[in-house]
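**Student:** Got a sequence here, can you model it:
(chains A and B)
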Amino acid sequence: MILDRLRGNGFRRSTHAERAEAPIADALLATSRLGARYGSSVVLHDVDVHVRAGEIVALLGANGAGKTTFLNSVMGLVTLTGGQVFYDGKEITRMPAEERVNAGISISPEGRHVFGKLTVEENLRLGAGLKHQREFAENRDYVYELFPKLRQLRDTRGAMLSGGEQQQLAVGRALMCKPRVLLLDEPSLGLAPKIVARIFELIAHLRDDGVTVLLVEQNVRLALDIADRGYVLDTGRIDLEGSARELRESASVEEAYLGLVAQA
Amino acid sequence: MIELLAYSGTEAAQQVVNALSLGSVYALLALGVATVFSILGLINFAHGELVTIAGFVMLALRTEDVPWVFVVPAAVVGAGLAAVAMERVAFRPVRGAPVITLLLTSLGLSLVIQNLLLIFVGARGKDLRVGEWSNSTFEISGVIVKWFDVATVITTFLVLFLLTTFLRVSVRGLALRAAAEDFTMTRMMGIRADAVIRGAFLVSGLLAGIAAFFFLGTLGQVGYDYGFTPLLKGFIAAVIGGLGSLSGAVVGGFLLAALEIFFQVTLPAENTPFTAAIVFAIVVAILLVRPEGLLGRGVGFERV
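**Tutor:** Have a look, this model is predicted:
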């Protein structure tokens, strides 16, 4: 049955095809044996991750473990060496990045990447793409409700915002296309604890609004507090996976991140 | 004495009009070069050929005595479509290649178009049959002004206004500005890379078409290599302003024209052939002080 579906999508047999696992049946987003490399160094190896609708899934790991590369692979920005990406029951491994966004996968990237020369409101308008301009006012008001600060700063250029404001804008912009899955890359990076708490509160709130979240985070404790499940990436491989509670209690997670947790 | 002052006053006013008119054309050309550069990091050496193509559209229609009201829009649209076709045929296959590859591609494209025109329409310039209206003038307190110059300046400012509005108000315009800043992130807004790049070429082509009417209209003719001067001026103006900065391109265009007119007027007659050399020397001096151009970005920021 899975092979039929793959053929239906014009799937070209990869080297892994005969061994490819069927993705978890009820997953909204899933990867199967995903591999990627930059130059000669392998950064992802046989990564199987799945996210069910309505879940918050945390992707943990040290610097350079491949977390950002994994998110970029899901978005279609990285050349894969193998494996597949599935979304909403269909294979999207070869789908152009823009189409993935239009299909309902959105990202707030590492480093925020706010458009510095555009105002806050222009950033949000662009976030709605060409597809969602009709619902722009409605979605914008929703984002302004989540981040009242952004409403005050609506005519300010992105470059003039503080780090915390830019982070709010990056998340808000990613929500403008009404995504079904939101990928969040290090939303706490470089922010004051108070703002971090506010953003995590918001992520939990997004789940209640029906948005599924895949969260990359170095602050393990914070991430596992709001996540349902989690994965630990170590040098490009999934080292550990389980429910947030299991991971919280797992000694190895504590060990691996003790330094980082103490810092945070 | 007073008479002399009054004379030099009108003389100066006359030259200001000339500089504004010439600067308008340069600004349109520089804007076209800068638009594509801001998105792709590519200096399109075939930009001049868009002017030539617009010229040949005009020529084809004028030979049939089509009135100018129809000729101009057709030429502008023709140049726009030609730019989109250039992107599809020549630049898309090498997208993502190193900048030097893109540069050589545009140079090659320019040579191919010029030589095709040379083969099929010949080496001699062809008369566009512009007519007397292009030389009609009016006088305002001693200054004789060509209507064509007035039209050039007004059209340019109208185009600048429309372009600015487009870039501020429409989502496609916002996408162009965003892509100039962060191309990948613009794709993450669900906006297709192809659409952004095609849009940039379309804008640059339309601008070249408008510039072509004023540039070739003044010359009254068109030939296979008439795009060279427009390319050179547009490129230099864009560099002065800071490649990739659209407002810089406009400033650069007017500055370049002002310098040219200034030296043409003030140099003794036997030295006017050196105008270009002196202007280029000044451009080099500007770039020595500000390598990023007058309104360029990046380098200057880091130095502060």
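
**Student:** Could you tell me the average pLDDT over stretch B:283-295, please?
**Tutor:** Averaged across stretch B:283-295, pLDDT comes to 88.

**Student:** Counting neighbours, show which residues of it come out buried.
**Tutor:** Buried residues in stretch B:283-295, counted by 16 or more other Cβ atoms under 10 Å in any protein chain shown: B:Val283, B:Ile286, B:Glu292, B:Gly293, B:Leu294, B:Leu295. Every residue, glycine included, has its C-beta placed from N, CA and C.

**Student:** nearest residue to the last one other than its sequence neighbours?
**Tutor:** Nearest-residue entry for B:Leu295: B:Gly248, 3.3 Å, with adjacent residues in sequence omitted and distances by Cβ to Cβ, 6 or more residues apart in numbering or on different chains.

**Student:** so the residue nearest in space to the middle of chain A bridges to which residues?
**Tutor:** Taking Cα atoms, centre = their mean as the criterion, A:Leu183 is the residue nearest the geometric centre of chain A, at 1.7 Å. Beta-bridge partners of A:Leu183, counted by DSSP bridges, are A:Ile107, A:Leu214.

**Student:** Also A:Ser243?
**Tutor:** A:Arg229.

**Student:** That one against A:Asp228, yeah?
**Tutor:** Yes: using Cβ atoms under 8 Å, A:Ser243 is in contact with A:Asp228, at 7.0 Å.

**Student:** And those two? Which one has more around it.
**Tutor:** Neighbours per residue (other Cβ atoms under 10 Å in any protein chain shown) separate A:Ser243 from A:Asp228, with A:Asp228 holding more: 17 against 13.

**Student:** Relative to chain B, how far out is the more buried one?
**Tutor:** 25 Å (Cβ to the nearest Cβ, to the nearest Å).

**Student:** and stretch A:48-66, how far apart are its ends?
**Tutor:** 13 Å (Cα to Cα, to the nearest Å).

**Student:** Could you list the low-pLDDT ranges of the stretch 1-150 of chain A?
**Tutor:** A:1-23 (pLDDT under 70).

**Student:** gap between B:Gly108 and chain A?
**Tutor:** For B:Gly108 relative to chain A (Cβ to the nearest Cβ), the value is 28 Å.

**Student:** Now for that residue, how many residues are close by?
**Tutor:** Residues near B:Gly108, counting by other Cβ under 10 Å: 13.

**Student:** can you check A:Ala53 too?
**Tutor:** 14.

**Student:** And the nearest residue to it once chain neighbours are set aside, which helix or strand is it part of?
**Tutor:** Using Cβ to Cβ, 6+ apart and skipping the chain neighbours, the partner closest in space to A:Ala53 is A:Leu28 (4.4 Å). With secondary structure defined by DSSP states H and E, A:Leu28 is part of strand A:27-38.

**Student:** same deal with B:Val16?
**Tutor:** Counting by DSSP H and E, B:Val16 is found in helix B:2-40.

**Student:** Summarise which helices and strands that helix is packed against.
**Tutor:** With contacts defined as 3 or more Cβ pairs under 8 Å, 6 or more residues apart in numbering or on different chains; DSSP states H and E, helix B:2-40 has these neighbours: helix B:47-63, strand B:143-146, helix B:147-169, helix B:171-181, helix B:193-219, helix B:228-241, helix B:246-266.

**Student:** next one: phi and psi at A:Val49?
**Tutor:** phi -130, psi 140 (degrees, to the nearest 10).

**Student:** Then A:Ile199?
**Tutor:** phi -70, psi -40.

**Student:** count of neighbours near it?
**Tutor:** 20.

**Student:** and the closest residue in space to it that isn't next to it in sequence, what pLDDT?
**Tutor:** Nearest residue to A:Ile199, sequence neighbours excluded (Cβ to Cβ, 6+ apart): A:Pro187, at 5.2 Å. pLDDT recorded at A:Pro187 is 92.

**Student:** picking that back up, now the buried residues of stretch B:283-295 as JSON lines including secondary structure?
**Tutor:** As requested, the buried residues of stretch B:283-295 are exported to JSON lines (DSSP: H, G, I helix; E, B strand; the rest coil):
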{"residue": "B:Val283", "secondary structure": "helix"}
{"residue": "B:Ile286", "secondary structure": "helix"}
{"residue": "B:Glu292", "secondary structure": "coil"}
{"residue": "B:Gly293", "secondary structure": "coil"}
{"residue": "B:Leu294", "secondary structure": "coil"}
{"residue": "B:Leu295", "secondary structure": "coil"}
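
**Student:** Identify each buried residue in stretch B:28-46, please.
**Tutor:** Under 16+ other Cβ under 10 Å, the buried positions of stretch B:28-46 are B:28-40, B:42-46.

**Student:** quick one on the thing from earlier: could you tell me the least trusted of the helices and strands packed on helix B:2-40?
**Tutor:** Minimum mean pLDDT among the helices and strands packed on helix B:2-40: strand B:143-146, a mean of 90.

**Student:** what's it packed up against?
**Tutor:** Using 3+ Cβ pairs under 8 Å, 6+ apart: strand B:143-146 touches helix B:2-40, strand B:137-140.

**Student:** between the longest one and helix B:246-266, how big is the angle?
**Tutor:** In other words, helix B:2-40. 150 degrees (axes from the mean of the first three to the mean of the last three Cα atoms, to 10 degrees).

**Student:** quick one: average pLDDT of helix B:2-40?
**Tutor:** 86.

**Student:** and if you look at the shortest one?
**Tutor:** pLDDT averaged over strand B:137-140 equals 90, rounded to a whole number.

**Student:** Who are the packing partners of that strand?
**Tutor:** Partner elements for strand B:137-140 (3+ Cβ pairs under 8 Å, 6+ apart): strand B:143-146.

**Student:** how about the strand it packs on: buried residues?
**Tutor:** Under 16+ other Cβ under 10 Å, the buried positions of strand B:143-146 are B:Val143, B:Val145, B:Lys146.

**Student:** Not counting its own residues, what contacts it?
**Tutor:** With contact meaning Cβ atoms under 8 Å, 6 or more residues apart in numbering or on different chains, strand B:143-146 is reached by B:Thr10, B:Ala13, B:Gln14, B:Val17, B:Ser21, B:Ser134, B:Asn135, B:Ser136, B:Thr137, B:Phe138, B:Glu139.

**Student:** Could you check how far the closest residue to the first one other than its chain neighbours is from chain A?
**Tutor:** Closest residue to B:Thr10 apart from its sequence neighbours, by Cβ to Cβ, 6+ apart: B:Gly142 at 4.2 Å. With distances taken as Cβ to the nearest Cβ, B:Gly142 is found 45 Å from chain A.

**Student:** again, but for B:Val250
**Tutor:** B:Val250 is 17 Å from chain A, by Cβ to the nearest Cβ.
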